[in-house]
Every structure is written in C-alpha cells, then in structure tokens.
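[1] next input, structure requested:
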Amino acid sequence: FLAQLDEASTNYHIPLVLRLHGVLDRSAWQRSLDRLLARHEALRSVFVDWEDEPRVEVLPPDAGLPVIEHDLKGRADAQAALLELCHEEACTPFDLSRGPLIRGRLIDMSDEEHVFLLTQHHIVSD
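    The predicted model follows:
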C-alpha cells in the first residue's frame, strides 16, 4: 500500500554492491543468478490488484534475473560513470505488479575487475 502511494520512492530498495576480481565467466555467473531466482518463490513474487483486492502472484521459475551490462573499460571517467550507474540503479523504481522485484547490473571496469549491483525491493526480502 505504501509503495503504491509513492511509486517513485526508493525507501524500500535494498541495494548491494559487490566488487569481483579476476576473469569472470559471464555465462556461469548468469546461470547461478537465474538458478537462485528459480529456487526462491519470494524473489519471483509480484503484487497485483485483482478485483480491488491485493494478490500475490509468482513469476515462472525460468523468468531469470535481469542483469544489465555496462562496459567502462578504458574510460578516463570510469569512476565517475560507476558512481552515476550506482545512483541510477538505486533510484530506479520497481513495478510491484510486473516484477521481478530484484535486478542486477554488471559493470566491467577492466578485464579482471567488475562491479555487480544488486537491488531488491524490501517486499521480497522478508
């Protein structure tokens, strides 16, 4: 209910930043994230209005975790661009009725340095 009152609010976002060092097997990384999402119905839950009543629906197990990729390798402004992407990710609203209510961004800083941003809505973290 509170999220519907102020849909643009980020008060219920839980952001996480992970620095990854070394060569990254992107395919294995994405498969791991997708498997995690598939195993946890709470992470696949969406909240819809059905006949004027709130209702929880669960996305299919093969929905996959959406990950947007960014390449900042070799950019002189890479740190500033990283901060901007962190801010953008943390401030992007979720659509509680469409989901998923968890998403990621993978940012390449170099061939062996990556930053993974994971944001989830508080409603699926309890």
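[2] now the strands for this structure?
    13-21, 45-50, 53-58, 67-71, 102-110, 113-121 (DSSP state E).
[3] in the fifth one, what's buried?
    Going back to what we said before, that points to strand 102-110. Along strand 102-110, the positions that meet the burial threshold by neighbour count (16 or more other CB atoms under 10 Å) are 102-109. Where you see a C-beta, it was placed from the backbone N, CA and C, and this is true even at glycine.
[4] how many residues are close by the residue nearest to S110 when sequence neighbours are not counted?
    Counting by CB to CB, 6 or more residues apart in numbering, the nearest residue to S110 once its immediate chain neighbours are dropped is K73, at 5.6 Å. Residue crowding around K73 was assessed by other CB atoms under 10 Å; the count is 12.
[5] where does K73 fall, phi/psi-wise?
    Its backbone dihedrals place K73 at phi -60, psi 130, with angles given as degrees, to the nearest 10.
[6] show me what contacts it?
    K73 makes contacts with 108-111, as judged by CB atoms under 8 Å, 6 or more residues apart in numbering.
[7] re the thing from before, what's the closest of the buried residues of strand 102-110 to D49?
    I102 (21.2 Å; CB to CB).
[8] any idea how far that closest one is from L118?
    7 Å (CB to CB, to the nearest Å).
[9] for V23, give me its contacts.
    When contacts are counted by CB under 8 Å, 6+ apart, V23 touches 111-112.
[10] got a pLDDT number for it?
    In this prediction, V23 carries a pLDDT score of 96.
[11] how about V56?
    Predicted confidence (pLDDT) for V56: 94.
[12] count of neighbours near it?
    12.
[13] I'd like to know how far the residue nearest to it when sequence neighbours are not counted sits from G64.
    Once its chain neighbours are removed from consideration, V56 has its nearest residue in S45; the separation is 5.4 Å (CB to CB, 6+ apart). With the distance defined as CB to CB, S45 ends up 15 Å from G64.
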